[in-house]
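need a structure here:
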Amino acid sequence: LHISVKPESDGFNGIVSGQLNITVRSIPSGLVSKASLPVRLKVRNPPEREKRILWDISHNLAYPPGFIPKDNLDSKDPLDWLGDHPHTNFHGFHDALIENGYFVEIWDKPFTCFTTAIIERYSTLLIIDPEDSFSEAESEAFKSAVREGRIVAVVVAEWYDLKGIDDLAFEEGNTRSFWKAVGGGANVPAINQILKPFGIAFGDRTYSGFLPIGGQRIPYKSGTFITRFPEDGFVLVGNDFRQVDLAPESGIPVFGMSKAKSEGGLIVFGDSTCLDTETPGVRCYDFFIKAIGMLIGAVMGNNDMTLADLGETRIIARVYANLKSARDAQFSRGDLFEIPLELKRLMEPHITENWNRKSCEGARETSLANSGVFADQSRIVFPRIAPAVLPAQRRAPLSSGMGIIALMTTFVAILVISFCALVVSLLQKKRNKNTQRLMADRSFSLRLAKAFRNLTHGRLGRNRVWSEP
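Residues are numbered from 1 along each chain as shown. This is a model prediction of the structure:
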């Protein structure tokens, strides 16, 4: 159900309300049921472009249907249940944007549905922790939105480590099936695909540490790092960052901000922990809001791109495009621009199902998350929600180590139970024999006592004749 504002009502500000009447009629029985749903919306003039943000959720996947892993590898539960949505684990950042005067709208269509009219409405596009892939057409649409549309794109990645993906595999106890993650915390190869035209790329190592931002220590847990960035950009590096079981490293680039002439801008970050309300720790909402506002001002020509307003951040302007380190060398080979074939096979059914639910129908009608409906769009009041279907997982092979251990454990348990049952049976038989023996001894004692009593009362000698000596 969509509700839109008529063209002749342009300029109206206020509350509109009504009632949606629903009639359900059962054909076989003729039973008729009626229900009424009240609808109330705020209508206002569209805000200025600088205050409108488009939040992309079309590339976020959650468990189910596939084994989508958590963003924080230290989490005990490996499954990403919340889906990285602005109404679930990112609601804190969503609310902070609204409190700072921004209007956040949700985009659930492919980027190929972008039109010039849509892009001209918004100043910022948020892509936070995407697990889905981007088609080549989407990559072109994204590039066009940043360059021709002069939009500020904020891209937040997550860890992507092939060894870490393999280590998350486990045998699910309820279904007795072997589960393997379809990717990392985010789809870094897909992110690199859309960032490649701008000279930006992330790596395949996982780092954890703390960033000194605004006098606070912002947690950076299980995040990736930047391996390429434009020469005229600004990069924030982390010190004392660690990989698992390795010595701490310094100078790890994790945050970048770039703006080209006559184009939009890009903000990239390698971890979403400080934006995620599910993970405890200090939040970085203010830092991101200041960075977005500053870059929007630079793109719109309202201010120069300086870093004075970001606080105590230790941001360093350095050239990372020509790094000659091993981290950059691995990117020169394009390792993280391609998803391994095995992971492609695992991801394909979930991505296909996700994209089958998407079309450009209603692409001009984004869902407004905070302030009703604008005169240049319509409001999705009751969106269709497709049922989640659990994936068909592979059976765990009995020849695997886990299968053999499980079989041996079951066999030993059966032996122990059988032995215990045998011992209980033998003890029961012994107890029964002792009981019968006690009962027999008791009967003999009773007969002996009765005979002794008769003897003492002279009953045995009444009819006897004793001879005198």
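
any idea where the strands of the stretch 151-300 of the chain begin and end?
Using DSSP state E, counting those that start in this stretch, the strands of the stretch 151-300 of the chain run over 152-156, 170-172, 177-179, 201-202, 207-213, 216-223, 226-228, 234-238, 252-259, 265-269.

Save these as TSV, and put in mean neighbour count and distance to Gly185 too.
Where C-beta positions appear, they are placed from N, C-alpha and C, glycine not excepted. Formatted as TSV, the strands of the stretch 151-300 of the chain follow (neighbours: other Cβ atoms under 10 Å; distance: least, Cβ to Cβ, whole Å):
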stretch	mean neighbour count	distance to Gly185
strand 152-156	25	11
strand 170-172	14	17
strand 177-179	17	17
strand 201-202	28	11
strand 207-213	21	12
strand 216-223	22	6
strand 226-228	24	16
strand 234-238	22	17
strand 252-259	24	14
strand 265-269	25	13
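
Let's have those in a markdown table, adding mean pLDDT and distance to Asn45.
A markdown table is the format used below for those (pLDDT from 0 to 100; distance: least, Cβ to Cβ, whole Å):
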| stretch | mean pLDDT | distance to Asn45 |
| --- | --- | --- |
| strand 152-156 | 96 | 23 |
| strand 170-172 | 75 | 52 |
| strand 177-179 | 78 | 50 |
| strand 201-202 | 92 | 40 |
| strand 207-213 | 88 | 36 |
| strand 216-223 | 89 | 37 |
| strand 226-228 | 90 | 40 |
| strand 234-238 | 84 | 35 |
| strand 252-259 | 88 | 29 |
| strand 265-269 | 94 | 26 |
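
Present those as CSV; the columns should include distance to Asp74.
Listed next are the strands of the stretch 151-300 of the chain as CSV, based on distance: least, Cβ to Cβ, whole Å:
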stretch, distance to Asp74
strand 152-156, 19
strand 170-172, 16
strand 177-179, 19
strand 201-202, 20
strand 207-213, 8
strand 216-223, 7
strand 226-228, 22
strand 234-238, 17
strand 252-259, 18
strand 265-269, 19
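
where exactly do the helices run in the stretch 101-250 of the chain?
116-119, 136-147, 162-167, 188-195 (DSSP state H, counting those that start in this stretch).

Which one of the strands of the stretch 151-300 of the chain lies nearest to Leu426?
Nearest to Leu426, of all those, is strand 170-172, at 38.7 Å by Cβ to Cβ.

List the strands paired with that closest one, with their directions.
Here strand 170-172 is paired, per DSSP bridges, with strand 177-179 (antiparallel).

quick revisit: Thr279 is nearest to which of the helices of the stretch 101-250 of the chain?
Nearest of these to Thr279, taken as Cβ to Cβ: helix 162-167 at 17.1 Å.

Buried ones in the closest one, by neighbour count?
Residues 164-165 are the ones in helix 162-167 that count as buried (16 or more other Cβ atoms under 10 Å).

For the remainder of this discussion, apply numbering that starts at 47.
Sure thing, new numbering starts at 47, so read that last one as helix 208-213.

coming back round to it: just say which of the helices of the stretch 147-296 of the chain is most tucked in.
When the helices of the stretch 147-296 of the chain are scored by mean count of other Cβ atoms under 10 Å, the highest mean neighbour count falls to helix 234-241 (a mean of 24).

what does it rub up against?
With contacts defined as Cβ atoms under 8 Å, 6 or more residues apart in numbering, helix 234-241 is touched by 105, 173, 176, 178-180, 184-185, 188-189, 201, 203-204, 206, 246-248, 250, 270, 312, 314, 382-385.

Ok, which of the strands of the stretch 197-346 of the chain comes nearest Leu125?
strand 223-225 (9.2 Å).

mind checking how far the residue lying closest to Thr319 once chain neighbours are set aside is from Gln239?
Nearest residue to Thr319 in three dimensions, chain neighbours excluded: Lys267, at 4.5 Å (Cβ to Cβ, 6 or more residues apart in numbering). From Lys267 over to Gln239 the distance is 25 Å, taken as Cβ to Cβ, to the nearest Å.

ditto for Asp102
15 Å.

ok, now Thr273?
Using Cβ to Cβ, one obtains 15 Å as the distance from Thr273 to Gln239.

again, but for Arg263
Remark: distance between Arg263 and Gln239 (Cβ to Cβ) = 33 Å.

same thing with Phe271?
Taking Cβ to Cβ, one finds Phe271 at 18 Å from Gln239.

quick one on the thing from earlier: which one, of the strands of the stretch 197-346 of the chain, ends up nearest to Phe465?
Each of the strands of the stretch 197-346 of the chain has some distance to Phe465 by Cβ to Cβ; the shortest is strand 216-218, at 28.4 Å.

is His48 in a bridge, and if so with what?
With DSSP bridges as the criterion, His48 is bridged to Ile426.

same question, Val314
Beta-bridge partners, per DSSP bridges, of Val314: Val201, Gly302.

and it, how far is that from Ala232?
To Ala232, Val314 is 12 Å away according to Cβ to Cβ.

List the residues that are in contact with both of those two.
Common neighbours of Val314 and Ala232 (criterion: Cβ under 8 Å, 6+ apart): 202-203.

for Lys267, what are its contacts?
Counting by Cβ under 8 Å, 6+ apart, Lys267 makes contact with 118-120, 254, 317, 319, 325, 327.

Dump those residues to JSON lines, plus distance to Arg477.
Output for the contacts of Lys267, formatted as JSON lines (distance: Cβ to Cβ, whole Å):
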{"residue": "Asn118", "distance to Arg477": "59"}
{"residue": "Leu119", "distance to Arg477": "57"}
{"residue": "Asp120", "distance to Arg477": "56"}
{"residue": "Ser254", "distance to Arg477": "63"}
{"residue": "Asp317", "distance to Arg477": "68"}
{"residue": "Thr319", "distance to Arg477": "65"}
{"residue": "Thr325", "distance to Arg477": "61"}
{"residue": "Gly327", "distance to Arg477": "63"}
